[in-house]
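K.L.:
here is the input, now give the coordinates:
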Amino acid sequence: MLEKVQLEKVLFLDIETVPQVYEFDKLEEKSQELFESKTRFMQNAEKSYEQLYADRGGIYAEFGKIVCISVGYVKQTSTGKQIRMMSYYHDDEEILLKQFKGLLDEHYNSPYSILCGHNAKEFDFPYICRRMLINGIGLPNVLNIAGKKPWEIAHLDTMELWKFGDFKAYTSLALLCHVFNIPTPKDDISGADVARVYFEDKDLDRIKVYCEKDVVALIQLFVKMRGDELIDESEVHYS
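P.N.:
Next comes the predicted model:
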């Protein structure tokens, strides 16, 4: 079925998120109470609420925020396929979400538009929607799935595609790139480092580069899962 997907209609994306404040004790009292309530079954002698917040504060849309959305698409040229990349990143989440919404409204607003990510149905897509609503931003059509039938939702997820209907646990993008022999550059940070790099190093550019690398890897994985050849690294273009 993937070979029937028009690559030019697919927007590939990844997001990077951080907690709204760096440390648990910097949260206002009510937010602390609600975080404790949300994570009460995870807390134990080894996992304090402070540690749980450090580990999970950024992955809960109620307590985190998006600092980068990187997107890429495949363009067919006379010499072959190209990957075109761009990123929306900002300390002010509302600004980057409005910019991203503008892209979707202008270029990915037809019934043929498709969004694709890795574990995106579980994380990226709902996280973006929740943060848009919290920021008072109306959902773009391609993300507004309320009332739609499953076959009307134009979302693809490479992790879900890899499951082939089974219910096994999470399979990372890095693992799939490894088994498909997709070359990935060595990163100086991982997802676990993003909050530290953001709050301590204040290096949003570094986070953007890390996020973009994941989108390139995602596109190459999707291409391989279609049975196509990898896109040459020289054909990855950044704007």
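K.L.:
any buried residues in the helix ranked longest in the chain, and which?
P.N.:
As assigned by DSSP state H, the longest helix anywhere in the chain is helix 204-225. For helix 204-225, the neighbour count (16 or more other Cβ atoms under 10 Å) marks 204, 206-224 as buried. C-beta: built from backbone N, CA, C; applies to glycine.
K.L.:
after that helix, next one along is what?
P.N.:
Next along the chain after helix 204-225, taking DSSP states H and E as the criterion, comes strand 236-238.
K.L.:
quick one: the strands in this structure, in order.
P.N.:
For the chain, the strands defined by DSSP state E occupy 10-19, 64-77, 80-89, 114-117, 155-157, 236-238.
K.L.:
Asn135: which of those strands is closest?
P.N.:
Nearest to Asn135, of all these, is strand 64-77, at 9.1 Å by Cβ to Cβ.
K.L.:
so what strands line up beside that closest one?
P.N.:
Using DSSP bridges, strand 64-77 pairs in its sheet with strand 10-19 (antiparallel), strand 80-89 (antiparallel).
K.L.:
could you identify which of those strands is most buried?
P.N.:
strand 10-19 (a mean of 24; mean count of other Cβ atoms under 10 Å).
K.L.:
tilt between that one and helix 204-225?
P.N.:
With axes from the mean of the first three to the mean of the last three Cα atoms, to 10 degrees as the basis, strand 10-19 and helix 204-225 are set at 140 degrees to each other.
K.L.:
mind checking pLDDT for Asn141?
P.N.:
Listed pLDDT for Asn141 reads 95.
K.L.:
follow-up on the earlier one: let me have the strands of the chain in TSV, adding distance to Leu173 as columns.
P.N.:
Output for the strands of the chain, formatted as TSV (distance: least, Cβ to Cβ, whole Å):
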stretch	distance to Leu173
strand 10-19	9
strand 64-77	13
strand 80-89	16
strand 114-117	9
strand 155-157	11
strand 236-238	17
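K.L.:
mean pLDDT added to those, as a markdown table?
P.N.:
Putting the strands of the chain into a markdown table (pLDDT from 0 to 100) gives the following:
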| stretch | mean pLDDT |
| --- | --- |
| strand 10-19 | 98 |
| strand 64-77 | 96 |
| strand 80-89 | 96 |
| strand 114-117 | 98 |
| strand 155-157 | 97 |
| strand 236-238 | 95 |
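K.L.:
brilliant, that's me finished.
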